[in-house]
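Visitor: Next comes the sequence, and after it the predicted model I'd like to discuss.
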Amino acid sequence: MDRKYAEYLIQKTQEDYNQIADDFSRYREKPWEEARFLFDNYIKSGDKVLDLGCGSGQYFEFLKDKNVEYVGVDFSEELIKIARKKYPEAKFQTADALNLPFSDDYFDKVYAIALLHNIPSKEFRIKALKEVKRVLKKRGLLIFTVWNLWQKRKTRNLIYKFTLLKILGKSKLDFKDILMNWQNINNCYLHCFTKNELIKLVKEVGFNIIKIGKFLVGRTTQIRSKLPNSNFYIIAEKYENGN
């Protein structure tokens, strides 16, 4: 993907999330209960935890009763304002995932829930992961999720559509990228990861993958005619001798 176009998509995404911040916060008022295991199984007392792409801070719910030093960051100023009102006891700040304002080897755990598929171009996704690696301590964990957009017919059809447009030279997007109307956002950018692509990307940055899997969100709450939403997750460790 052309770098300038990727930068445009990042700016558009930031502006879109600022515009829908109130509605997004209401829709994401509570964290996914199905993702609780990612916090309960890996957090230790005294951990320094970065919640990257924290939105309105809903995942602080899983950490507020634990003895951790929590920092939530997001590039949406409006979502950070909401997070600070919801959880005044927590630390939130506006920050760019591609240029984190933290020192090297600072955090024990970095969470990135449903973030990476919103970052356009492999170049910028690698840059974000390298920033995570930089701020993680040795043996620190990256714990992240992405939507499995191959699961549902609607998004599969969009993947096929934009693949054809790419082949015909009529799309600036990369393969497996789509633009989709979502949550009052017109042409929301999404990258449609496969499991193998995720594994390759994380290893390329120099993480050791501890575990990869899938979990479903909405199995008990969605109406019978709709599928629950599928998500990939990865637990990855910064090499002990990693840079």
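Guide: Nice, thanks for sending it over. Numbers count the residues shown, from 1 in each chain.
Visitor: can you pull the contacts of Ala95?
Guide: If you count contacts by Cβ atoms under 8 Å, 6 or more residues apart in numbering, Ala95 has them with 73-75, 101. Placement of C-beta: from N, CA and C, glycine included.
Visitor: Sort out for me which of the residues you listed are in strands.
Guide: Under the assignment DSSP state E, the contacts of Ala95 contribute 73-74 to strands.
Visitor: Dump the contacts of Ala95 to a markdown table, plus distance to Asn231, neighbour count and pLDDT.
Guide: Shown next, in a markdown table, are these (distance: Cβ to Cβ, whole Å; neighbours: other Cβ atoms under 10 Å; pLDDT from 0 to 100):
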| residue | distance to Asn231 | neighbour count | pLDDT |
| --- | --- | --- | --- |
| Val73 | 21 | 21 | 98 |
| Asp74 | 19 | 27 | 98 |
| Phe75 | 21 | 19 | 97 |
| Pro101 | 28 | 11 | 97 |
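Visitor: Could you export the contacts of Ala95 as a markdown table, including distance to Phe207?
Guide: Shown next, in a markdown table, are these (distance: Cβ to Cβ, whole Å):
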| residue | distance to Phe207 |
| --- | --- |
| Val73 | 20 |
| Asp74 | 23 |
| Phe75 | 23 |
| Pro101 | 22 |
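Visitor: Could I have the CA atoms of the helix or strand containing Tyr8 written out in PDB?
Guide: In this structure, Tyr8 sits in helix 3-19 according to DSSP states H and E. Extracted C-alpha coordinates of helix 3-19, given in PDB (Å, rounded to 0.1, in the frame of the first residue of the first chain):
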ATOM      1  CA  ARG A   3       2.500   5.100   2.400                       C
ATOM      2  CA  LYS A   4       0.600   8.400   1.900                       C
ATOM      3  CA  TYR A   5      -2.700   6.500   1.400                       C
ATOM      4  CA  ALA A   6      -2.000   4.400   4.600                       C
ATOM      5  CA  GLU A   7      -1.300   7.700   6.500                       C
ATOM      6  CA  TYR A   8      -4.600   9.000   5.100                       C
ATOM      7  CA  LEU A   9      -6.500   5.900   6.400                       C
ATOM      8  CA  ILE A  10      -4.900   6.300   9.800                       C
ATOM      9  CA  GLN A  11      -6.000  10.000  10.000                       C
ATOM     10  CA  LYS A  12      -9.500   9.100   8.800                       C
ATOM     11  CA  THR A  13      -9.800   6.300  11.300                       C
ATOM     12  CA  GLN A  14      -8.800   8.700  14.100                       C
ATOM     13  CA  GLU A  15     -11.300  11.300  13.000                       C
ATOM     14  CA  ASP A  16     -14.100   8.700  12.700                       C
ATOM     15  CA  TYR A  17     -13.600   7.300  16.200                       C
ATOM     16  CA  ASN A  18     -13.600  10.900  17.600                       C
ATOM     17  CA  GLN A  19     -16.900  11.500  15.800                       C
END
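Visitor: What is the subsequent helix or strand relative to that helix?
Guide: helix 21-27.
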